[in-house]
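K.L.:
3D model of this:
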Amino acid sequence: MQRFKIDQDIKSLSEVRTNIAAFIKQVHDTKRPVIITQHGKGVAVLLDAHEYEAMQEKIELLSDIQTSITQLENGEGVDHSEAKLKVLKRVRD
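P.N.:
Numbering: from 1, shown residues only. Purely as a prediction, here's the structure:
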């Protein structure tokens, strides 16, 4: 996902209501989110569906990495040779 540009990607709710199709096209074309404001405060984000999916996948991967790090720190890891044997056994079965 591209970082948003303050001068182009922050829009009021009334602007979004009036020009929703144009903002959906903008988000799709630029891959940048649009920050929607109400009474001068950010209240929502309009995001391209593919960018959202990619973001969710990255979050899931980072969560898995953090779980792995925690398990290793707690001595719950499996050494390389043992892991290799387990994988090879599964492949052969």
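K.L.:
quick one, what contacts the most centrally placed residue in the chain?
P.N.:
Centre of the chain computed as the mean C-alpha position; nearest residue by Cα atoms, centre = their mean is Met55, 1.5 Å away. Residues near Met55 by Cβ atoms under 8 Å, 6 or more residues apart in numbering: Met1, Leu47. Placement of C-beta: from N, CA and C, glycine included.
K.L.:
isn't Gln2 right next to Thr30, touching?
P.N.:
Yes: using Cβ atoms under 8 Å, Gln2 is in contact with Thr30, at 6.3 Å.
K.L.:
neighbour count winner among these two?
P.N.:
The neighbour comparison of Gln2 against Thr30 (other Cβ atoms under 10 Å) goes to Thr30, with 16 against 11.
K.L.:
wait, isn't that one in contact with Phe4?
P.N.:
No: if you go by Cβ under 8 Å, Thr30 and Phe4 don't touch, sitting 9.0 Å apart.
K.L.:
Can you list the buried residues in the longest helix seen in the chain?
P.N.:
Longest helix in the chain by number of residues (criterion: DSSP state H): helix 49-73. By neighbour count on 16 or more other Cβ atoms under 10 Å, the buried set for helix 49-73 is Glu51.
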